[in-house]
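Undergrad: Dropping the sequence and predicted coords here.
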Amino acid sequence: MSLLSTMPHTCTTKRRTRTKGSLGGSKDSFSTVSENLACWQQSAGDGEMREFEKRGIVVTDKVYFPVDPGVDAGYVLVVTNPQTGATDTLEVKSRAKPDASAGLGVLFRVMCEEKTTDQ
């Protein structure tokens, strides 16, 4: 069985909508776009972090999908490990890009920053 057919995590994608509050400030709300997408969350490598840092973007994690999840910088991912029940909230920092993966086929990679506040 290949990694493409058995991704270890699941993901909910949420789109951010920014509105103006009554006092003129901005307020974010999130609407769920998709749920239970198969994915694989990993820590970003040093080279990947440096590459994004040169552009003033902080990344801490990367998430692989077997199909294009259709997300960009306006999204938040809530990644769940079904075996432990642990969840991570990640703010998307790049659009999904095809990533050749060691002869296993093509996965779509999204670079993210872990957030400590729930969305």
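TA: Here it is on my side, so go on. Residues are numbered from 1 along each chain as shown.

Undergrad: Look up the pLDDT of residue 115 for me, please.
TA: The model reports residue 115 with a pLDDT of 88.

Undergrad: Look up how far residue 67 lies from it.
TA: Counting by CB to CB, to the nearest Å, the gap from residue 115 to residue 67 is 24 Å. Quick note: C-beta positions are derived from backbone N, CA and C, even for glycine.

Undergrad: Show me which of the two is the more surrounded one.
TA: residue 115 (15 against 12; other CB atoms under 10 Å).

Undergrad: Can you tell me, leaving aside adjacent residues, what's nearest to that one?
TA: In space, and not counting its chain neighbours, residue 115 is closest to residue 89: 4.7 Å by CB to CB, 6 or more residues apart in numbering.

Undergrad: What are the contacting residues of the top strand by length along the chain?
TA: Criterion DSSP state E: the longest strand present in the chain is strand 26-43. Applying CB atoms under 8 Å, 6 or more residues apart in numbering, the contact partners of strand 26-43 are 3, 7-21, 60-66, 69-70, 75-77, 79, 88, 90, 107, 119.

Undergrad: Can you get me a residue count around residue 14?
TA: 21.

Undergrad: Could you tell me which residues within the host helix or strand of it count as buried?
TA: Assigned by DSSP states H and E, residue 14 falls within strand 9-20. Neighbour counts over strand 9-20 (16 or more other CB atoms under 10 Å) mark 9, 10, 11, 12, 13, 14 as buried.

Undergrad: my guess is the first one contacts residue 80, does it?
TA: Spelled out, it's residue 9. Yes. Using CB atoms under 8 Å, residue 9 is in contact with residue 80, at 6.4 Å.
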